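K.L.:
need a 3D model of the sequence below.
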Amino acid sequence: MRRRYAVFGGCAIAVAAVLLITYALRSPSSALNPPEKSDPPASRIAIKEISRDLGVLDPSDKCRHTFIICNEGDAPLYIKKVGTTCKCTVASAPREIPPGKAGPIAIESKTEGIEGPFSHTAAFATNDPERSRIELTIHGDVRRYLVAAPSGVHDNDLGAGAPMEFATLIFSEVWDSFELSGMHSTQEGVTWDIQPAPQERLAEYKYARSGYVATLHTAPGWTGMGFSGKIEVDARPAAAPDARHQTASRKICISFGGRRRSLGTVYGPKIDSQGIVRIGALERGRGGRAKLLLKVRGDHRRITVKEIEKTPDFLKVRVFAESSEMADKGLYRVIIEVPPDAPPGSFVAPERMGTVKIVTDHPEMPEIAKLKVSFAVLSDRGT
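P.N.:
The predicted structure is shown next:
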């Protein structure tokens with residue numbers, strides 16, 4: 001009987017142990033499943049926009065926008081201004097935003113002196129662990145008091161001494177009407193005609209309110225390879241003073257220039273697009289040369305060489321037509337030679353390169369070609 005009780009007691013103890021272990025494994029509060037640690041409180045930025053387009057502004061309009069920043073975290077959000085992309089821009093922000101609250105950040109730029117498109121940015125540092133820096137931008141387009149379109153004209157294909165004529169539209173995006181109080185040219189002999197701009201011309205520019213068409217003429221008979229200059233235009237509003245707009249006069253410059261079309265072009269495998277003849281490095285006593293072709297265009301293709309200017313002096317240059325037929329076509333052979341007895345030296349650096357200028361009897365362009373020559377004569381030690 002005692003033995004039977006002992007066996008029964010042992011079984012009961014084993015069953016109890018199994019039940020205890022099963023309960024411990026299933027219980028979330030057991031030592032085998034400790035509770036997860038919670039993250040420390042932190043701020044979290046929420047902002048709907050970081051850039052604001054202010055559209056088209058008059059010079060007197062305020063350039064300002066207020067951004068709203070929210071703190072969706074569970075700790076205070078701290079904000080500190082870092083800087084702006086322009087000294088004309090100021091920004092203000094709250095130092096602290098409590099959890100669940102919002103605060104304004106105001107950015108303002110002065111439009112005085114600004115014309116056309118602009119974009120100004122203010123940067124801030126924060127304690128948001130995922131967004132330690134934010135940048136907020138305002139941008140827009142400030143109307144211009146005075147505009148020239150085009151603001152400059154340059155013609156690189158003029159005949160020798162030929163006059164130049166071009167038209168430009170001078171308009172205002174601010175003044176409903178204005179007058180040109182003065183025009184001055186830095187180039188002698190320039191004249192101009194001024195007419196009110198028709199509406200169809202002004203309509204080509206979205207914000208143009210009033211304007212003039214100026215047709216400019218340069219004087220014929222200029223000499224040399226070309227000319228350049230600028231016209232200074234002074235304007236002032238014609239209407240009565242307006243409290244919103246400055247009434248002081250405004251000034252713009254229109255640049256112009258012309259260059260004689262090239263009547264002579266040199267071709268060859270040793271000349272590059274910059275007109276530099278590259279003969280290369282030469283062993284002393286060996287010499288070297290470049291064989292080129294000069295093409296003369298226009299009505300005067302037959303030329304006679306009057307002078308060849310060259311540096312250094314030991315360069316040898318020949319210019320000749322290989323036949324009468326080639327001369328009629330304006331084709332001439334140009335041989336530039338570094339003689340075998342040339343002294344050692346480097347003529348590779350831009351300020352030391354050799355030069356060749358071919359002067360002819362061409363009535364429109366006597367200086368038919370001007371070249372740079374790059375080469376080096378090595379010394380006996382190879383330098």
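K.L.:
for the residue nearest to C88 when sequence neighbours are not counted, give its distance to S92.
P.N.:
Computed as C-beta to C-beta, 6 or more residues apart in numbering, the closest residue to C88 that is not its neighbour in sequence is K110, at 4.5 Å. C-betas here are computed from N, CA, C, even on glycine. Going from K110 to S92 by C-beta to C-beta, to the nearest Å gives 15 Å.
K.L.:
related to what we said a few turns ago, check contacts around the residue nearest to C88.
P.N.:
By C-beta atoms under 8 Å, 6 or more residues apart in numbering, the residues touching K110 are 63, 88-89.
K.L.:
with E322 instead?
P.N.:
So E322 contacts 331, 333 (C-beta under 8 Å, 6+ apart).
K.L.:
one more: A149?
P.N.:
A149 touches 168-169, 171, 205, counting by C-beta under 8 Å, 6+ apart.
K.L.:
in PyMOL, how would I select the buried members of these?
P.N.:
To isolate in PyMOL the members of the contacts of A149 that are buried, counting by 16 or more other C-beta atoms under 10 Å, one can use:
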select buried, resi 168+169+171
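K.L.:
how about CSV for the contacts of A149, with secondary structure added?
P.N.:
Formatted as CSV, the contacts of A149 follow (DSSP: H, G, I helix; E, B strand; the rest coil):
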residue, secondary structure
T168, strand
L169, strand
F171, strand
Y205, coil
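K.L.:
just give me the closest of the contacts of A149 to P344.
P.N.:
Here the nearest of the contacts of A149 to P344, counting by C-beta to C-beta, is T168; it sits at 56.1 Å.
K.L.:
once you drop chain neighbours, what's closest to G354?
P.N.:
Closest to G354 by C-beta to C-beta, 6+ apart is V373, at 3.6 Å.
K.L.:
so where does the one you found fall, helix or strand?
P.N.:
strand 367-377 (DSSP states H and E).
K.L.:
flag every buried residue along that strand.
P.N.:
368-369, 371-377.
K.L.:
how far does that strand sit from the chain's center?
P.N.:
33 Å (C-alpha atoms, centre = their mean, to the nearest Å).
K.L.:
in the sheet, which strands lie alongside it, parallel or antiparallel?
P.N.:
strand 276-282 (parallel), strand 345-347 (antiparallel), strand 354-360 (antiparallel) (DSSP bridges).
K.L.:
most packed of the ones you listed?
P.N.:
strand 354-360 (a mean of 20; mean count of other C-beta atoms under 10 Å).
K.L.:
contacts for that one?
P.N.:
With C-beta under 8 Å, 6+ apart, strand 354-360 has contacts from 264, 277, 294, 303-312, 315, 317, 319, 334, 336, 347, 366-375.
K.L.:
do stretch 124-141 as well
P.N.:
42-45, 47, 50-57, 63-65, 67, 69, 73, 77-82, 91, 93, 105, 107, 109, 116-123.
K.L.:
just stretch 288-301 next, same as before
P.N.:
263-268, 270-271, 277-280, 282, 303, 319, 327-338, 358, 362-364, 368-369, 373, 375.
K.L.:
redo that, cut-off 7 Å
P.N.:
Stretch 288-301 is contacted from outside by 263-268, 270-271, 277, 279-280, 282, 303, 319, 328-338, 362-364, 368-369, 375, using C-beta atoms under 7 Å, 6 or more residues apart in numbering.
K.L.:
restrict these to the buried ones and give me that as a PyMOL selection.
P.N.:
Selection of the buried residues among the contacts of stretch 288-301 in PyMOL, burial being defined by 16+ other C-beta under 10 Å:
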select buried, resi 263+264+266+270+271+277+279+282+303+319+330+331+332+334+336+337+338+362+368+369+375
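K.L.:
restricted to helices, list the contacts of stretch 288-301.
P.N.:
D328 (DSSP state H).
K.L.:
follow-up on the earlier one: out of the buried residues of strand 367-377, the closest to I252 would be?
P.N.:
Looking across those and measuring by C-beta to C-beta, the closest to I252 is K372, at 38.3 Å.
K.L.:
ok so, going back, filter the contacts of stretch 124-141 down to just the ones in strands.
P.N.:
45, 47, 51-57, 63-65, 67, 69, 77-82, 91, 105, 107, 109, 116-123 (DSSP state E).
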